[in-house]
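Enquirer: Here is my input, please return the structure:
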Amino acid sequence: SDKIGKTGKLNLNYSYYEEQLNAESNSRSSYYLQDSSYSTVDRVNQNDTSKSHRINLSYKTNLDSLTTLDLRQNIRFDEAQNSSTTNNEFLTSENVSSLNTSITNDNDSKGVSSTSEFRLVRKFKKPKRELKAEYVLRAQDNETDSELKNISNFYLPVTSFDSIVQDKRNENGYLNQSSKLTYTEPIFEKLRLQVEYLFQNNRSDQEINTTDRLSNLQIDTLSNNFDNIRLQHRGTAVLSYEIYKHLIQAGIGFRNIAIDNKNLVTGNIITQNINNFLPQFRYQFKPTRAKRFNFRYNTQSQQPSINDLQPVQDNSNPNAIQIGNPDLEPNYMHSLRINFNSWQALSGRYIWSGLNATYIDNAFANRTSYDEYGRTISQTTNVDGNIFANLFAGAGFPILGRKIEFEPNVNASYNKNTNFISGQ
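Expert: So this is what the prediction gives:
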């Protein structure tokens, strides 16, 4: 670290991380479906090694008495090797072995990533007026060489044998840009307006080549070459009113997301254009320094990952194949947070309580189908009405000069998730 000029501060650091994992697990699981049941005995041996070199650089300075500039840069060089062997035995409801598989995955990956951040904060002579500009650039480039070996021994309905030996090369990267401009204007002494505009331009590419080692031919159903462009525009306006012991904030945002996912092999393009309104509200009551009540409601939306959108199989585990879904849409979440806290300094008594609840439309769920042995094919799909809720409360009551303290507490939760099994 060093000081540059009157206000400039420079920081530079380097760190090296190395992790090694050797793990072994054994488990037995039973599955009860609508029209059948089966069990699996699973044995997994895993050996992982990862190394990472990280460089972080930051510079912060005051351009003048009202303007602050903050620059940050970090670079990572990563490499990893992992090897796993999984033995699965599938058993019928009568505990008879129907299938035994041995799956070996070896992966060797290397990658480099960087993040560049620029922030400029400008204050004004008028109190609480502020302008903030931010720009973030993220880039990543990875490549992974993989080898898959699978041996399957079938015992029902007749004895048979099958094997897979595949080589896979995965090259992927992204260039994500994010720009945000935020302006805060005090309208009156107790009332202020904050407006914000966000623009994101995310571009990524992924090329997977899977070949059969025996024939040295490419397997088209397990290979792909995609270019992805995701553009987001979001505007938000929030009004804040603060008087005495009360703070009230209310705002609305509007967001447009345009996604183009192009298959460079077939020329097919997956296109999505989605608009969302994102309301928010907050109320805070603070009668004393030791007592506070908060109520917050906000909405947000998460986008499906590129892998979830691409209609290509992932057979890293041939017993549990994943397929992308090009019709996936972003989810939409309503979140509610309520908290109350009170503390009495003289007696040492305190109370804390809260409620967290989330309701999700277009939530990401799994649609899973089973074959006659119990192997699965899964695909991510959208569902409505997922709920996560948690209620908690507690207190502290010291007695006998605080030598003994009672701390009763309660915690309750409710979860509702929808997934589909064999079409149900």
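
Enquirer: Mind listing the residues bridging to residue 133?
Expert: For residue 133, the beta-bridge partners are residue 120, residue 181 (DSSP bridges).

Enquirer: Kindly report the same for the one 4 residues further on.
Expert: When bridges are assigned using DSSP bridges, the partners listed for residue 137 are residue 116, residue 177.

Enquirer: Same check on residue 168?
Expert: Listed beta-bridge partners, residue 168: residue 146, residue 210 (assigned using DSSP bridges).

Enquirer: try residue 233
Expert: According to DSSP bridges, residue 199, residue 256 are recorded as the beta-bridge partners of residue 233.

Enquirer: my guess is it contacts residue 255, does it?
Expert: Yes. Contact criterion CB atoms under 8 Å: residue 233 and residue 255 qualify, at 7.0 Å. In this view, the C-beta of every residue, glycine as well, is placed from N, C-alpha and C.

Enquirer: Show me where the stretch 101-250 of the chain has its strands.
Expert: Along the stretch 101-250 of the chain, the segments classed as strands by DSSP state E, counting those that start in this stretch run 130-154, 160-186, 191-212, 217-218, 224-243, 246-263.

Enquirer: wait, what's in contact with residue 366?
Expert: The contact partners of residue 366, by CB atoms under 8 Å, 6 or more residues apart in numbering, come to 378-381, 419-420.

Enquirer: pLDDT value on residue 311, please?
Expert: With respect to pLDDT, residue 311 scores 68.

Enquirer: should've said residue 318
Expert: On pLDDT, residue 318 comes in at 87.

Enquirer: Assign a three-state SS to it, would you?
Expert: Each residue gets one of three states, and residue 318 gets coil by DSSP: H, G, I helix; E, B strand; the rest coil.

Enquirer: so what's it closest to, chain neighbours aside?
Expert: Across the structure, with CB to CB, 6 or more residues apart in numbering as the measure, the residue nearest residue 318 apart from its sequence neighbours is residue 150 (5.0 Å).

Enquirer: And for residue 205?
Expert: residue 227 (5.1 Å).

Enquirer: cool, and residue 22?
Expert: The spatially closest residue to residue 22, leaving aside those adjacent along the chain, is residue 47, at 5.4 Å (CB to CB, 6+ apart).

Enquirer: Kindly report the same for residue 263.
Expert: Skipping the residues right next to it in sequence, residue 263 comes nearest to residue 226 by CB to CB, 6+ apart, at 5.9 Å.

Enquirer: Look up which residues are beta-bridged to that neighbour.
Expert: Per DSSP bridges, residues listed as beta-bridge partners of residue 226: residue 206, residue 263.

Enquirer: shouldn't it be in contact with residue 264?
Expert: Yes. Taking contact to mean CB under 8 Å, the distance of 6.8 Å between residue 226 and residue 264 places them in contact.
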